[in-house]
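Visitor: sequence and predicted structure below; questions after.
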Amino acid sequence: MSATTTLPQLHSFGHELEMTDDKVGLLRDSSDAAEDFPELRRRVAEDGYLYMKGYLDRDEVLAARASLTAGLAAAGVLDPAYPEIVGACKPGSGYVFKPELTNNNPTVQNLLYAGRLPEFYRQFYGEDIRHYDFTWLRAIGPGKGTNPHCDLPYMGRGTHRHMTCWLPYGDISYELGGLMVLEGSHQRTDLLEHYVYRDVDAFCENKPKEAEAAKAGKWAFTGTLSHNPPMVRNKFGGRWLTTEFKAGDFMTFGMFLVHASLDNRTQNLLRISSDARYQRASDPIDERWVGVNPPGHSTAGKRGRIC
Ligand SMILES: O=C(O)CCC(=O)C(=O)O
Ligand SMILES: [Fe+2]
């Protein structure tokens, strides 16, 4: 059976995806090769990503979910008419970005940085690893998901060989909307070279308007590749690949793979996920994401140069 006969109409960033077999499809599950790291490395080179279905302990992931929904409740994001664990939001909650929920949160910290995941990366890289101290935590309410981008513009001041780990805290239906990746896009350096090496926190010191904006913490370049997922696909070729994720799954991919997410088309449910980064310990690291209170994209993270 073709993928499109099993897939409902999908939406991303307010656009309907074109649902023909050459434009949309399912992620390849690499859990069959979970112990075979040479094969996993080969698949990352070829596919640009690994989708590791059921690799993590589901109960541990759901315990982490409970800690996050408790944090979201305390932050006033949840609708008190529902049990916290449901993750039902108050109307109009939109795209909630709450990295602080992962700080001082041992269930999330242990899941991401102490158990099977760091061991996975250690074996994948074949040497000691380190991770960013900063964890991106997203609780996405009904509405648009994330627009198409590569991660490098946000984290390219150290190595370019690090990887993102995207992890859902709960099951994610097509309606709730998980991650999608653009097949083969990591190999389209011809189309990416003028986009992917730009740093979102760099600015031209000698352009007064840019310098002023940067010093006020604003972005001259947001890192977005496009606001139109079907159009990006038509330009790059390949298919938008996604799936219905389950608690216990994770996705990993490199800095050059174009990705986005499906829109959240539920009435009131939050899609909760995190993205974390892992790299070889011996590689240089982007200082914006290191330390107890990393500078990130704040004014402290801006870097001026003469253009
Ligand atoms: O969760 C999302 O919507 C976006 C995730 C993402 O961009 C990432 O993991 O790098
Ligand atoms: Fe990303």
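Guide: In hand now; what should we look at? Ligands and ions are numbered 1, 2, ... in the order given.

Visitor: and the strand ranked longest in the chain, C-alpha only, in CSV?
Guide: Criterion DSSP state E: the longest strand present in the chain is strand 271-280. Once non-C-alpha atoms are left out, strand 271-280 reads as follows in CSV (Å, rounded to 0.1, in the frame of the first residue of the first chain):
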residue,chain,number,x,y,z
ARG,A,271,2.1,18.8,21.7
ILE,A,272,5.0,18.5,24.1
SER,A,273,8.5,17.7,22.8
SER,A,274,12.1,18.6,23.5
ASP,A,275,15.1,19.0,21.3
ALA,A,276,18.6,18.5,22.7
ARG,A,277,22.1,18.4,21.1
TYR,A,278,25.0,16.0,21.3
GLN,A,279,28.4,16.1,19.9
ARG,A,280,31.9,14.6,20.1
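
Visitor: tell me which stretches of this protein form helices.
Guide: For the chain, the helices defined by DSSP state H occupy 3-6, 37-47, 58-74, 106-113, 116-125, 152-155, 189-196, 208-215, 229-236.

Visitor: quick one, the last one and helix 189-196 angle?
Guide: Calculated by axes from the mean of the first three to the mean of the last three Cα atoms, to 10 degrees, helix 229-236 forms an angle of 130 degrees with helix 189-196.

Visitor: identify each buried residue in helix 229-236, please.
Guide: Of all the residues in helix 229-236, those buried under the rule 16 or more other Cβ atoms under 10 Å are 229, 230, 232, 233, 236. (Glycine included, C-beta is placed from N, CA and C.)

Visitor: quick one on the thing from earlier: by contact count, what packs against the longest strand of the chain?
Guide: Contact partners of strand 271-280 among helices and strands, from 3 or more Cβ pairs under 8 Å, 6 or more residues apart in numbering; DSSP states H and E: helix 58-74, helix 106-113, helix 116-125, strand 129-131, strand 136-140, strand 163-168.

Visitor: so which elements touch the first one?
Guide: Under the contact definition 3+ Cβ pairs under 8 Å, 6+ apart, helix 58-74 sits against helix 106-113, strand 136-140, strand 271-280.

Visitor: what's next to that helix, contact-wise?
Guide: Helix 58-74 is contacted by residues 78, 80, 84-87, 89, 96, 98, 101, 105, 107-108, 110-111, 115, 137, 139, 167-170, 246-248, 270, 272 when judged by Cβ atoms under 8 Å, 6 or more residues apart in numbering.

Visitor: among these, which are in reach of ligand 1?
Guide: With Cβ under 6 Å from any ligand atom as the criterion, these include none near ligand 1.

Visitor: buried ones among those residues?
Guide: For the contacts of helix 58-74, a neighbour count by 16+ other Cβ under 10 Å gives the buried set as 78, 84, 87, 89, 96, 98, 101, 105, 107-108, 111, 137, 139, 167-170, 247-248, 270, 272.

Visitor: who's in contact with the closest residue to residue 51 other than its chain neighbours?
Guide: Closest residue to residue 51 apart from its sequence neighbours, by Cβ to Cβ, 6 or more residues apart in numbering: residue 27 at 4.2 Å. For residue 27, the contacting residues are 49, 51, 181, 241, 242, 243, 251, by Cβ under 8 Å, 6+ apart.
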